[in-house]
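[1] give me a model of this one.
(2 chains)
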Amino acid sequence: SQKIEQNSEALNIQEGKTATLTCNYTNYSPAYLQWYRQDPGRGPVFLLLIRENEKEKRKERLKVTFDTTLKQSLFHITASQPADSATYLCALDEGTGTYKYIFGTGTRLKVLA
Amino acid sequence: DSGVTQTPKHLITATGQRVTLRCSPRSGDLSVYWYQQSLDQGLQFLIQYYNGEERAKGNILERFSAQQFPDLHSELNLSSLELGDSALYFCASSGGAGANVLTFGAGSRLTVL
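    Residues are numbered from 1 along each chain as shown, chains lettered A, B, ... in the order given. Take a look at the predicted model:
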């Protein structure tokens, strides 16, 4: 079955720098992949969705790339701010038509002032 | 406020007991998803309903059951509770069977003593 791998180690970066988070999946390439933000004790919040035919998607300071050859998505936050500190989750459906949206364990980002 | 309402927010109960968690989806959304998030663990997909019908099932324990009612609200029933069932339970909704962005509620925190 499909598995998602995100770096479980926390990522600490200085304010103003670009944070880059990685999401790798193991099996078939999904039609789209999503990124969510989760703050402690709260529900995840949708950030961006990228489709398999899109190489890159941007929204304000956020950028997502999708490489189906590498089975990888990269999530970038430019000009990072302390308010960006949170856990970022990658999500995709487990298999075509299954409607099971599975999530990675997330990468905790801490932006240092 | 995401528009997805979960009750109760917090619940403390004893082993062996049964609880019911309730979710009202965002207005207009037909699909409801249930996830479990234990301490330091990722979101585990439990089950999905679309317009009252079960659509996808994850590794949901036999002690757990769910349903979606005609008014589209959903309930997750957890019985014969064990210490390991202590977790945050999230409900999410989306616009339709093929819609792919999940809107999460604030979660129900269950503590089993």
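[2] now do the SS call for residue A:21.
    Judged by DSSP: H, G, I helix; E, B strand; the rest coil, the three-state class of residue A:21 is strand.
[3] that one contacts residue A:11, doesn't it?
    Yes: using C-beta atoms under 8 Å, residue A:21 is in contact with residue A:11, at 6.8 Å. Heads up, the C-betas are built off the backbone N, CA and C, glycines and all.
[4] mind listing what's buried in the helix or strand containing residue B:67?
    Using DSSP states H and E, residue B:67 sits in strand B:64-68. Of the residues in strand B:64-68, B:64, B:66, B:68 count as buried by neighbour count, 16 or more other C-beta atoms under 10 Å in any protein chain shown.
[5] do stretch B:91-108 and chain A meet?
    Yes: under the criterion of C-beta under 8 Å from any C-beta of the partner chain, chain A is reached by stretch B:91-108 at B:92, B:97, B:100-107.
[6] CA atoms of that stretch as CSV?
    Taking Å, rounded to 0.1, in the frame of the first residue of the first chain, the C-alpha atoms of stretch B:91-108 are listed here in CSV:
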residue,chain,number,x,y,z
CYS,B,91,-13.5,14.9,11.6
ALA,B,92,-13.0,16.4,8.2
SER,B,93,-15.5,17.2,5.4
SER,B,94,-15.2,17.8,1.7
GLY,B,95,-17.5,18.8,-1.1
GLY,B,96,-18.2,15.5,-2.8
ALA,B,97,-17.1,12.0,-3.6
GLY,B,98,-14.3,13.3,-5.8
ALA,B,99,-13.6,16.5,-4.1
ASN,B,100,-10.1,16.5,-2.6
VAL,B,101,-9.6,19.2,-0.1
LEU,B,102,-10.4,18.3,3.4
THR,B,103,-11.7,20.9,6.0
PHE,B,104,-10.9,19.7,9.5
GLY,B,105,-12.8,20.3,12.7
ALA,B,106,-11.0,21.3,15.9
GLY,B,107,-11.0,17.7,17.2
SER,B,108,-12.3,15.8,20.2
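[7] average pLDDT for it?
    Mean pLDDT, computed over stretch B:91-108, is 86.
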